[in-house]
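Visitor: Based on what follows, work out the 3D shape:
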Amino acid sequence: MNRLSLILILLAVMVIGVLALYYFLSIPTPESIEFIFERNKSDAKPIKLGREYRTAMKCPVPGKLTMDAKIPASASLRFGYGLAYRPKQKKRAPVVFRVFIKDGNQEHMIFERVLAEYGNWKEAEVPLDSQNMKQVKLGRSKLIFATQLKTSGNEKDAAGPRAFFADPILIDSNRPPQKRPNVILVSIDTLRADHLHCYGYFRKDISPFMDSMAKKGILFEQTITQCPWTTPSHASIFTGLYPSSHGVNQTIFLLLRARSHREINVTYQGLDPNIPSIASKFREKNYITQAFCGGGTVSGDIGFAHSHSGYVEIDFAKESTKPVKKWIDEHKDFPFYLFLHTFRVHAPYTDLHYAHEVLDSEQTASLQDFFKTADKVLADQPKKMKQLGILRKQVTETLYDGGIHETDKKLEEIVAYLEEIGLLDSTIIVVTSDHGEEFGEHNPKKIYDSHGETLYDEIIRVPLIFSIPNSEFSGRRIKAQVRLIDLFPTLCDFADIKTKRSGIQGRSLIPLIEGKDNQSRDAFSEAIVTGPEKKSIRRPDSKYIYTFKIKDNTLPRGLISYHPGYEEFYVLDQDPGEKKNLAFVKPNICFERLKLINKTLTRKPASVRHLEFNIKIDKDTEEKLKSLGYVK
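Guide: A predicted model of the protein is given here:
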């Protein structure tokens, strides 16, 4: 055999080996759960009943939904079901919910319930390996979800309820779930980094639990938000995109008009469900995806509920941790992604833990009475404080700190429960915030509920703490500057989920965590809530801010390019308080930074289409906005 023949044979063997490896790697790993809606590529969407959005489909009454399913020999079926009433529906008749398995021409009923309660989700789990299933031929079958009106009287008055089936999941009890980490992302709304002790704050007792997380985990010293207001900032966290790219960049005035219910033709541009998100990527990999949030400006009707099995508007720190712990316990046998959000640190500042430092007993008692009796606490708290002679920076900032202290305790409750049920060692926890809060640093009048309009560090620098079980990198403090848009690819990397083709603008933090990289990332931010639009680029040593001279709040935000404006430039290592504007002596640097802003914040990734996904707002969300002071 000559040398050429030998080389050709070796090449052929190598090609066959590569093809075989590609084939085996491309075979999907069998999963213990299967999402029926995804298997059937259904048009399921978030439906809200009570305080919870579920990925659901409407079923006619009477009527049925038929879904293809591959049913294992030993399995169970989990799903939700519920009823919504029509506004003019006087009589609310009960509805019979049934589920059948169809093999060939035979239909076998496996579930039947009569539901008379409207406006809340009910849960069901049906074992498919029981005695009454012996006559059913499992394998490739069909699941039929059916409804029928149950009436006794005038059916005409009672007809017309809206019935829904939510997120049916097949669970193979013979196949244990893959060992993948659970991921919990915690967003503490309005929490500025420099008010945690682990970031250098003077109060040693303000955040003992988060401090311990930072000591045992990984702390990023310079994390920058992409928007100083809740809605666009969370859209950036979820998608890894700047506000200019994900399109949730209209002003708060338009959101409030959409929620007023007085202007019926006004809509707010919500998050497009076609844009990949943390929840959608985790769900693709058969993670159970769930959220508990404060509602309002993070309400599910803005588009945030998409790809979540459940999106519950219950604030874990202001209300109770019990629903969160209950959900964790019910899903502890499967990998999950859980998003937790709270408004407890956000105004109104009602936690009086440190009040004794700045108030006498009479003033404290007056505030306590006010919090119990006032209808509009957030809007009226400044008036009450002014009446008591205590509306000053030291007082509002001290009350703000009380909210941080109480939130820290609530977070500890949840993590302690994870440890109690044996999940802590398999759960990655990330704690951050969407933006900070002003206390007169750049405007002495801005000492209460002040954020959204500026891009100074008290607003855009937020905490970022990772708790990673059994990590060899625990205890690290990373000085390199990072962005909230970096969270999406990072969390996906932890769960071995690919994001290269998702068009995201963030970059994974794993190389920084592992010490393979130490370079800071340019951090762009956009103030698009109210007033003139502002954009900035921050580097560890400097910050450039451009304020556009456009005051029309109805114009689209994030699409402005080279309009006349006002420039600011600060050298942060010499002027960390951003008091000395050097733009007039650094014209060349300012020009280059403005070019970079326009290049970055007007460019849309190929995966992001022109957004025309508009939303209408429900009454519950309007009430939540009132409690936060956004609606009068």
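
Visitor: where along the stretch 51-200 of the chain do the strands fall?
Guide: Along the stretch 51-200 of the chain, counting by DSSP state E, counting those that start in this stretch, strands occupy 52-59, 63-71, 75-84, 95-103, 106-115, 122-127, 139-149, 162-172, 182-188.

Visitor: what is the orientation angle of the helix or strand just after the last one with strand 182-188?
Guide: It stands for strand 182-188. Using DSSP states H and E, the next helix or strand after strand 182-188 towards the C-terminus is helix 208-216. Per axes from the mean of the first three to the mean of the last three Cα atoms, to 10 degrees, the angle that helix 208-216 makes with strand 182-188 is 130 degrees.

Visitor: Would you single out the least confident of the strands of the stretch 51-200 of the chain?
Guide: Mean pLDDT across those is lowest at strand 139-149; the value there is a mean of 90.

Visitor: ok, for Phe164, nearest residue in space, not its chain neighbours?
Guide: Leaving aside its chain neighbours, Phe164 sits nearest to Ala56 (4.4 Å; criterion: Cβ to Cβ, 6 or more residues apart in numbering). Any C-beta I mention is one placed from the backbone N, CA and C, and that applies to glycine too.

Visitor: Check Glu413 too.
Guide: Per Cβ to Cβ, 6+ apart, closest to Glu413 is Thr321, 4.8 Å.

Visitor: pretty sure the one you found contacts Ile414?
Guide: Yes - with contact defined as Cβ atoms under 8 Å, Thr321 counts as touching Ile414 (5.5 Å).

Visitor: If I look at Tyr417, what pLDDT would I see?
Guide: On pLDDT, Tyr417 comes in at 98.

Visitor: can you tell me which helix or strand the closest residue to it other than its chain neighbours belongs to?
Guide: On the basis of Cβ to Cβ, 6+ apart, the spatially nearest residue to Tyr417 that is not a chain neighbour turns out to be Lys325, at 4.7 Å. For Lys325, the host element (DSSP H and E) is helix 322-330.

Visitor: So what touches that helix?
Guide: For helix 322-330, contacts defined as Cβ atoms under 8 Å, 6 or more residues apart in numbering pick out 290, 292, 310, 312, 314, 316, 336, 338, 340, 413-414, 417-418, 421, 423.

Visitor: Just the buried subset of those residues, please.
Guide: Among the contacts of helix 322-330, those buried by neighbour count (16 or more other Cβ atoms under 10 Å) are 290, 292, 310, 312, 314, 316, 336, 338, 340, 413-414, 417-418, 423.

Visitor: Start from the N-terminal end of the stretch 351-500 of the chain and give the strands.
Guide: 427-432, 461-462, 464-467, 476-483.

Visitor: Adjacent strands (with direction) for the second one?
Guide: In other words, strand 461-462. Here strand 461-462 is paired, per DSSP bridges, with strand 218-224 (antiparallel).

Visitor: For the helix or strand that the strand it pairs with is followed by, what is the distance to the chain centroid?
Guide: Note on strand 218-224: by DSSP H and E, the next helix or strand toward the C-terminus is helix 230-239. Its chain's C-alpha centre and that of helix 230-239 lie 7 Å apart, by Cα atoms, centre = their mean, to the nearest Å.

Visitor: List of residues touching helix 230-239?
Guide: 185, 187, 189, 225-227, 241-243, 246, 248-249, 255, 271, 275-279, 296-298, 302-304, 341, 432, 434-435, 484-485, 487-488, 504, 526, 528.

Visitor: Among those, name the buried ones.
Guide: By neighbour count, with 16+ other Cβ under 10 Å, the contacts of helix 230-239 hold 185, 187, 189, 225-227, 241-243, 246, 248-249, 255, 271, 275-279, 296-298, 302-304, 341, 432, 434-435, 484-485, 487-488, 504, 526, 528 as buried.

Visitor: Could you measure from Tyr546 over to Ser536?
Guide: Distance of Tyr546 to Ser536, given as Cβ to Cβ, to the nearest Å: 7 Å.

Visitor: any residues in contact with both of these two?
Guide: With Cβ under 8 Å, 6+ apart, Tyr546 and Ser536 have common neighbours Ile597.

Visitor: Can you give me the neighbour number for Val566?
Guide: Actually, residue 566 is Tyr. It isn't Val. 13 (other Cβ atoms under 10 Å).

Visitor: In this structure it contacts Tyr546, no?
Guide: Yes - Tyr566 is within contact range of Tyr546, at 7.5 Å (criterion: Cβ under 8 Å).

Visitor: Contacts only, for Arg78.
Guide: Arg78 neighbours (Cβ under 8 Å, 6+ apart): 123-126, 168-169, 171.

Visitor: Could you chop the chain up by domain?
Guide: For the chain, the structural domains run 33-172, 182-627, going by automatic domain parsing.

Visitor: first vs last residue of the shortest one, how far apart are they?
Guide: So the one you mean is domain 33-172. End-to-end distance for domain 33-172, by Cα to Cα, to the nearest Å: 6 Å.

Visitor: Equivalent analysis for stretch 447-459, please.
Guide: 13 Å.

Visitor: List the buried residues of it.
Guide: The neighbour-count check on stretch 447-459 (16+ other Cβ under 10 Å) flags 447-459 as buried.

Visitor: Likewise for stretch 505-524?
Guide: Residues of stretch 505-524 classed as buried: 505-509, 512-513, 517, 520-521, 523-524 (neighbour count, 16+ other Cβ under 10 Å).

Visitor: hang on, the earlier thing: which ones among the contacts of helix 322-330 lie within helices?
Guide: When DSSP state H defines the helices, the subset of the contacts of helix 322-330 inside them is 413-414, 417-418.
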